[in-house]
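Asks: Here you go, sequence then predicted model.
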Amino acid sequence: MKADVTPTLSYFKDHVFVCQNERPAGHERGCCHSKGATKLRNYMKVRAKEMGLPQTRINTAGCLDRCELGPVMVIYPQGVWYRFETMADIDEILQRHLVDGEIVERLRLSDLPAGLDQEAVGRA
Ligand code: FES
């Protein structure tokens, strides 16, 4: 018998997972931590609290396996992936995605399944 996995109300309205994975310098895949992800995730948490987004949870994540594109985050329940580099990027994701309910296309990553997003890697 299969479990019923029909979506129901979510505990959080939005659940953000920000990769914080750290690898040794020179690793062939790199890591989000070395590209500023930890500082920017901390900034995002502070700003989300200041903006009063109690139904939004911003969590640290381990490697999300899109290392070459990093730093990366994914926001559920929409399953939208973003690459971010600056505090301005974080501000835009907070305001437009989490407050206004829009997708920030200029920061969005491909939704192609793993292994099929090589075009996206070339743009990073
Ligand atoms: S190190 Fe961030 S996705 Fe792998």
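Replies: Perfect, thanks for sending it.

Asks: Neighbours of the nearest residue to residue 17 once chain neighbours are set aside, how many?
Replies: Of all residues not flanking residue 17 in the chain, residue 61 sits nearest, at 3.9 Å (CB to CB, 6 or more residues apart in numbering). C-betas here are computed from N, CA, C, even on glycine. Using other CB atoms under 10 Å, residue 61 is surrounded by 17 other residues.

Asks: Output the below-cut-off pLDDT ranges for the protein.
Replies: Along the chain, the model assigns pLDDT under 70 to residues 1, 3, 5-8, 117-124.

Asks: pretty sure residue 30 is touching residue 23, no?
Replies: Yes - using CB atoms under 8 Å, residue 30 is in contact with residue 23, at 7.0 Å.

Asks: Let me know the secondary structure of the residue positioned nearest the centre of the chain.
Replies: Nearest to the mean C-alpha position of the chain, by CA atoms, centre = their mean, lies residue 73 at 1.3 Å. Here residue 73 is strand, with the state taken from DSSP: H, G, I helix; E, B strand; the rest coil.
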